[in-house]
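Trainee: Coordinates for the following, if possible.
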Amino acid sequence: MTGRILVVMNAIQDKRARILAAGTEVMLLKGYNGTGVQEITQSAGVPKGSFYHYFESKEDFAIQALHYYYLPRLERFGSALQADDASPRERILRFYRDLVGYFANQHEPTHQCFIGSLCHEKAGDSQPIGYAASAILNRSSELLANCLVEAREAGELPSDQDPHALGAFIGAAWEGALLRMKVDRQIGPLRVFISQLERLLRP
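Mentor: Have a look, this model is predicted:
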């Protein structure tokens, strides 16, 4: 009996994950308002009724999709900033330099900011989506601030620098650089971001 229960539970998780993966891709391309439940289930290859077995509504799906999309990214961000093979300052710069290198290798650099587009469409009239997005952004700033605290303690930042304010500023500047890259269709704004970040992270 236990084995059969595990098989059923795994099947449930697999189907939910398939809906999340496929639906997130659709919502990335078409936005929240441009995506219907039927499009999500069709892209996942499941009956429409299956959607409401796992998600209360499209709003609930969007919240879970945010976590599905960003939690692995936050884990990678945290791991990169906690690496012990470089100084705190160098860990931060290396992370963003690697991202710039990723976009530089694209023929026509572009970026779909899921959290940005979702907030633009829904944060004003959906408090739950706004809270979920805010929690993700705050966690990202917290991870960066923790590394900046280490940098300050190592003498890589001025002693009166506020790591939390600086972390929030860097995160906002990066999002702005990504938006400008998308508009300009070239990575110039990201190179400007890196050069200014190098200046900013000085004792």
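Trainee: Dihedrals phi and psi, residue 124?
Mentor: For residue 124, the backbone dihedrals are phi -70, psi -30 (criterion: degrees, to the nearest 10).
Trainee: quick one, what contacts it?
Mentor: Neighbouring residues of residue 124 by Cβ atoms under 8 Å, 6 or more residues apart in numbering: residue 130. In short, each C-beta sits where N, CA and C put it, glycine included.
Trainee: switch to 7 Å and redo it
Mentor: Residues near residue 124 by Cβ atoms under 7 Å, 6 or more residues apart in numbering: none.
Trainee: contacting residues around the residue most central in space within the chain?
Mentor: Note on the chain: the residue nearest the mean C-alpha position is residue 70, at 4.1 Å, using Cα atoms, centre = their mean. Contact analysis of residue 70 by Cβ under 7 Å, 6+ apart lists 115, 136.
Trainee: confidence score at it?
Mentor: Note on residue 70: pLDDT of 95.
Trainee: try residue 10
Mentor: Looking at residue 10, its pLDDT stands at 45.
Trainee: Report the residue spans of the chain with pLDDT below the cut-off.
Mentor: For the chain, the stretches flagged by pLDDT under 70 are 1-13, 111.
Trainee: Which stretches in it count as helices?
Mentor: 2-30, 37-44, 48-54, 58-81, 88-104, 114-118, 127-153, 163-184, 188-200 (DSSP state H).
Trainee: Name the residues of the second one that are buried.
Mentor: Okay, so that is helix 37-44. 40, 41, 43, 44 (16 or more other Cβ atoms under 10 Å).
Trainee: in those residues, which two residues are the furthest apart from each other?
Mentor: Farthest apart among these by Cβ to Cβ are 41 and 43. That separation is 7.4 Å.
Trainee: rewinding a little: and of the buried residues of helix 37-44, the nearest to residue 134?
Mentor: The nearest member of those to residue 134, counting by Cβ to Cβ, is residue 40 at 24.1 Å.
Trainee: Please tell me how far the closest one sits from residue 92.
Mentor: Between residue 40 and residue 92 the distance is 37 Å, computed by Cβ to Cβ, to the nearest Å.
Trainee: How about residue 165?
Mentor: Here the criterion is Cβ to Cβ. By it, residue 165 lies 15 Å from residue 92.
Trainee: number of nearby residues for the closest residue to residue 29 other than its chain neighbours?
Mentor: In this structure, residue 29 finds its nearest non-sequential neighbour in residue 112, 7.3 Å apart by Cβ to Cβ, 6 or more residues apart in numbering. Neighbour count for residue 112, taken as other Cβ atoms under 10 Å: 13.
Trainee: which of the residues in stretch 87-101 are buried?
Mentor: By neighbour count with 16+ other Cβ under 10 Å, stretch 87-101 contains the buried residues 88, 89, 91, 92, 93, 94, 95, 96, 99, 100.
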